[in-house]
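Q: What shape does this take:
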Amino acid sequence: MSDFGCKSIDVIAYTLLIIAAVSWGWIGFFGFDLVAMLFGNMTRASKFVYSLFCMAAFHDLLSMPAILRRWDIHLNNHPAHT
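A: Predicted structure coming up:
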């Protein structure tokens, strides 16, 4: 897959992780489940959305070194406050 295609997948996965984090934050703070409200409680659609969140997390977890290379991120070469 091209570098552009991989970066697109990275952005999609990261976006899903942000949405999942906000969704879980709402559950934790307010007891409000946005996914269940939009798609129903444990319907096929809501299970699909939760599965997408899980796949995004595994994508980022398992491909972190490749993501850092693709985005040319050098964690040890840049001081925190430049």
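Q: who's in contact with the most centrally placed residue in the chain?
A: Closest to where the C-alpha atoms of the chain average out (CA atoms, centre = their mean) is Leu17, at 2.2 Å. Shown in contact with Leu17 (CB atoms under 8 Å, 6 or more residues apart in numbering): 53, 56-57, 60. Quick note: C-beta positions are derived from backbone N, CA and C, even for glycine.
Q: go with 6 Å
A: Contacts for Leu17 (CB atoms under 6 Å, 6 or more residues apart in numbering) come out as Ala56.
Q: Equivalent analysis for Asp60, please.
A: With CB under 6 Å, 6+ apart, Asp60 has these contacts: Ala13.
Q: Report the next helix or strand after the helix or strand hosting it in sequence order.
A: Using DSSP states H and E, Asp60 falls within helix 44-62. Reading on from helix 44-62 to the C-terminus, the next helix or strand found by DSSP H and E is helix 64-70.
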